[in-house]
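Student: Generate a structure from the sequence data that follows.
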Amino acid sequence: MTAMMPLQLQSQRPSRTQRGVTLIEALVALVVMSFGMVALVGLLSNLRYSGDIAKQRSEAMRLAQRDLETLRSFSVLEKPADAKADVRDYEKDIASPPEASSFNLTNGNTTFVLKREVTPLVKDKTEPQARTVRVTVAWKDRGNIEQKLFLDTVISRTDPVFSLALGVTPPANGIRQPDKRNPVIPPTAKDLGNGSSAFQPGGKGTAVWVFNNVTAVITVCEVGAETTLSTVDSSSFESCKNDTIGYLVSGVIRFSKLDAPDPSAPEADALPYPLSAYLNLTPSQFKNKAGTALLPGGNDYPSPGYQCFSDAPLSMTADQKLVNYYCIVFPNSQRNWWGQVLLKGLDTGTDAGQYKVCRYSADYNGNTKIDNEEHPESYSAVSYSLARQNFLVMPGKATATCPLLPADVSASRFLDYSTYQIQP
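Tutor: So this is what the prediction gives:
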């Protein structure tokens, strides 16, 4: 037992070969870790550079947007001589500055240079209706590399006060209101819940006009003499299916006793029944492609070609200042009508006690012509319903003329109340 002890101790000692392998493994691990640390440092550097670029770009975007919004904040087209210094105008403030502007932001690490270029929207126009604006913001990043950002826009030469025009009712044709009905449909018409509305002209009688809620095209239906809108529903008109359609023409009639009335607020009481509107239908003027002959079907209006109703009072009363009228026009086989809307039930002329009829009319949409929706003297090719075809009845004296009252922003009048004589 004593003789074998040294041999056992010798076999438990680690060999020199094992100690060398351990050292190599440690060195390899150190090298691998070193490469990883180098890659991590590069990644952190790139992340820092990218973050820095993102911050600088957002600051440049903010500067460019602020400059554009400052340009859009003009309050007048041309500054009056007595205006305050801080009043911004279109003519002078929307321009290219002679020099670029420099900005050093708080906690920033670069200098931003902003340059603005303003040019007419239409080249070589001395008085443009709009101007194009390009804002360029340049800066140098952490690597001393130049960066740039561009923003482009167009600024219209429109008086800011006309933003109030958003509250003006648009033309009726083709516009749908939130209640899912064409706006020319009378407000008192009853929605039947099936895409149509029923209207009883004159408030009584056996005729009911059934409107298509989208197009406002009318189908005339007959009901019992005692029927009222409160008692009808969609089932009341299921059997009323015919090819006879009609288009609505409606409006109001106002009155004045003054030789120079204010068309925006006529003061007189409504004239009594039988005041109403009527139509003078004329043949269609549509021609063939060669323009040598009128197309057929332009004068074959049904008989009667129209029906009109009004709510004129039975006698003069101070409780009613205007008269509403509603006409249904049955078109020709071309599905359109031509002619005039006139008033009857009053004596028109130029003598004392006679009346003159003016139509409210103006180029409301600015297309340099009077469209059917804008109450022309004579209508042409009308194939849809019309509303707000309004009249003013005034004294018929030869010295009295239909008043003109165009829109005037300086007088806070944003609607055109101009009128033009149509009768006699």
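Student: going forward, measure contacts between C-alpha atoms and count neighbours the same way
Tutor: Will do.
Student: any chance you could map the strands in the stretch 301-424 of the chain?
Tutor: Counting by DSSP state E, counting those that start in this stretch, the stretch 301-424 of the chain has strands at residues 306-310, 322-329, 337-344, 355-360, 379-382, 391-395, 419-423.
Student: Export those strands as JSON lines, with columns for mean neighbour count.
Tutor: Below are the strands of the stretch 301-424 of the chain laid out as JSON lines (neighbours: other Cα atoms under 10 Å):
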{"stretch": "strand 306-310", "mean neighbour count": "19"}
{"stretch": "strand 322-329", "mean neighbour count": "23"}
{"stretch": "strand 337-344", "mean neighbour count": "19"}
{"stretch": "strand 355-360", "mean neighbour count": "24"}
{"stretch": "strand 379-382", "mean neighbour count": "18"}
{"stretch": "strand 391-395", "mean neighbour count": "26"}
{"stretch": "strand 419-423", "mean neighbour count": "18"}
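Student: Low-confidence regions, the stretch 151-300 of the chain specifically.
Tutor: Scanning the stretch 151-300 of the chain for pLDDT under 70 picks out 164-179, 243.
Student: Helices of the stretch 1-150 of the chain, start to end?
Tutor: Using DSSP state H, counting those that start in this stretch, the helices of the stretch 1-150 of the chain run over 5-11, 16-72, 90-93.
Student: I'd like those written out as TSV, with mean neighbour count, mean pLDDT and distance to Lys148 added.
Tutor: Compiled in TSV, these are given as follows (neighbours: other Cα atoms under 10 Å; pLDDT from 0 to 100; distance: least, Cα to Cα, whole Å):
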stretch	mean neighbour count	mean pLDDT	distance to Lys148
helix 5-11	9	51	76
helix 16-72	13	78	9
helix 90-93	17	84	24
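Student: Val208 is nearest to which of those?
Tutor: Val208 lies closest to helix 16-72 among these, at 52.7 Å (Cα to Cα).
Student: Who are the packing partners of that closest one?
Tutor: Counting contacts by 3 or more Cα pairs under 8 Å, 6 or more residues apart in numbering; DSSP states H and E, helix 16-72 is packed against strand 112-120, strand 130-140, strand 146-156.
Student: element containing Asn280, please.
Tutor: In the assignment (DSSP states H and E), Asn280 maps to strand 276-282.
Student: Sheet partners, orientation included, of that strand?
Tutor: Strand 276-282 pairs in its sheet with strand 337-344 (antiparallel), by DSSP bridges.
Student: Can you tell me the number of residues neighbouring the nearest residue to Tyr417 once chain neighbours are set aside?
Tutor: The spatial neighbour of Tyr417 that comes closest, neighbours along the chain excluded (Cα to Cα, 6 or more residues apart in numbering), is Leu405 at 5.0 Å. Neighbourhood size, Leu405 [other Cα atoms under 10 Å]: 15.
Student: Contact partners for Leu405?
Tutor: Leu405 makes contact with 263-264, 416-419 under the criterion Cα atoms under 8 Å, 6 or more residues apart in numbering.
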